[in-house]
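Undergrad: Structure for this input, please:
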Amino acid sequence: MNIEANDKKRAYFALIIGIFAISTSAILIRWSSSEPLVIGSYRQTFATLLFLPFLIKDKFQEITSLKYDEIIELIVIGLLLGAHFGFWISSVKATSVAASVLLGTCHIVYVSIIGWLVFGERLNRKGIFGTLFALSGIILLFWGDLVEDPGNFKGNILAFISGILAGLYYLGGRKHRKNISLPTYAFIVYLSSALAMWIVVLLQGLEYQKIPNSEFQLFLLMALVPTLLGHTMQNWALAFLPAYVISITLLVEPIGSGLLAWLIFDEIPSFGVLFGGIIAGSAPSSTTKPSTGSALLLRLRAIVPTTIRTPKPNEAISGKLLLKSSITPATKLSSIT
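TA: Below you'll find the model as predicted:
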């Protein structure tokens, strides 16, 4: 088995772990009584601090070696992530967990279309079928929730907007995860998202000081499980898989979140929600013909091929692999799918 095949297997394994972890996010948010932006601000602040020890130990030199344009683009990616969290956390408070999570992951459509139109990442027949199959599940789930409670409309709109922002976030992240190590990437992006949300919290005068200890415990759990474990696994997988593949597999998340909401909050999904979630979650994925990269945000330009570290064939997904530097002369970006 060649190294590239091993890389893909590890990436898919990381996605499974990441999706399970992210499925707990909406549950923890629903438990919290704080304002959505306050939740997001503390969540990303704790997540940033959790990465700091690894950064100080191994990656400080990499941050100082980044080009100005790279730093700006990472900050913009962080702003997209912060905006995504702001809209999505608000939607969790305003609609059902299943609908919020589903519409928050509908960025598969935008990733596929933008990747095809802008970056030349053409879908093969299996990819087209998988995208359409997943989209049909999204429509069914959205319809099932809307029929049962029309009052969820505002929350559904917020979740839909968050999905668009998430699509842009994943596309931007794909470029930089190919030539910047995970701790450096996550630290800058998470820090930027936290600062952006804190600015909005302060401008709106939201309460963020008189918060019970139980709330801080929830914020820390959000940082540890869905953010650090879940999003970190996704970001690692982005270096080896096309962004739209990450998005398609994320459609499993509504099923996990919906089941947890049913068990914990007695929030019973409608038949349309259950059926649509099963269809979306079972949508087949495929590969694309890779482009030279996925430049996004400030400049839609071609990416000069760079190199990344290729894990050894017998190297397991571990903290060392996830957190060690990934930049050494190895594999051309054009060979990464």
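Undergrad: ok, so what distance separates Pro215 from Arg43?
TA: No, residue 215 isn't Pro; it's Glu. For Glu215, the distance to Arg43 (CB to CB, to the nearest Å) stands at 11 Å. For every residue, glycine as well, the C-beta is placed using N, CA and C.
Undergrad: of the two, who's got more company?
TA: Arg43 (29 against 16; other CB atoms under 10 Å).
Undergrad: For the host helix or strand of the more buried one, name the packing helices and strands.
TA: In this assignment (DSSP states H and E), Arg43 forms part of helix 36-54. Counting by 3 or more CB pairs under 8 Å, 6 or more residues apart in numbering; DSSP states H and E, the packing neighbours recorded for helix 36-54 are helix 68-94, helix 182-204, helix 213-222.
Undergrad: Nearest to Ile39, out of the ones you listed?
TA: Taking CB to CB, helix 68-94 is the member of those nearest to Ile39, at 5.4 Å.
Undergrad: What residues sit buried inside that closest one?
TA: 70, 73-94 (16 or more other CB atoms under 10 Å).
Undergrad: about what we covered before: can you list the neighbours in contact with the helix holding Arg43?
TA: For helix 36-54, the external contacting residues (CB atoms under 8 Å, 6 or more residues apart in numbering) are 29, 32, 34, 81-82, 85-86, 89-90, 92-93, 183, 186-187, 190-191, 193-194, 197-198, 200-201, 204, 206-208, 211, 216, 219-220, 222-224, 227-228, 323.
Undergrad: give me that answer again for 6 Å
TA: 32, 85-86, 89-90, 183, 186-187, 190-191, 193-194, 197-198, 200-201, 206, 208, 219-220, 222-223, 227-228, 323 (CB atoms under 6 Å, 6 or more residues apart in numbering).
Undergrad: tilt between that helix and helix 68-94?
TA: Relative orientation of helix 36-54 and helix 68-94, computed by axes from the mean of the first three to the mean of the last three CA atoms, to 10 degrees: 140 degrees.
Undergrad: Restricting to C-alpha, output stretch 212-229 in CSV.
TA: Extracted in CSV, the C-alpha atoms of stretch 212-229 (Å, rounded to 0.1, in the frame of the first residue of the first chain):
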residue,chain,number,x,y,z
PRO,A,212,-21.6,31.0,37.0
ASN,A,213,-18.8,28.5,37.2
SER,A,214,-21.0,25.9,35.5
GLU,A,215,-21.0,28.1,32.4
PHE,A,216,-17.2,28.2,32.3
GLN,A,217,-17.2,24.4,32.6
LEU,A,218,-19.4,24.2,29.5
PHE,A,219,-17.2,26.7,27.6
LEU,A,220,-14.1,24.6,28.5
LEU,A,221,-15.8,21.4,27.3
MET,A,222,-16.8,23.2,24.0
ALA,A,223,-13.1,24.1,23.5
LEU,A,224,-11.8,20.6,24.4
VAL,A,225,-14.3,18.3,22.5
PRO,A,226,-15.9,19.9,19.5
THR,A,227,-13.3,22.7,18.8
LEU,A,228,-9.9,21.2,19.8
LEU,A,229,-10.6,17.6,19.0
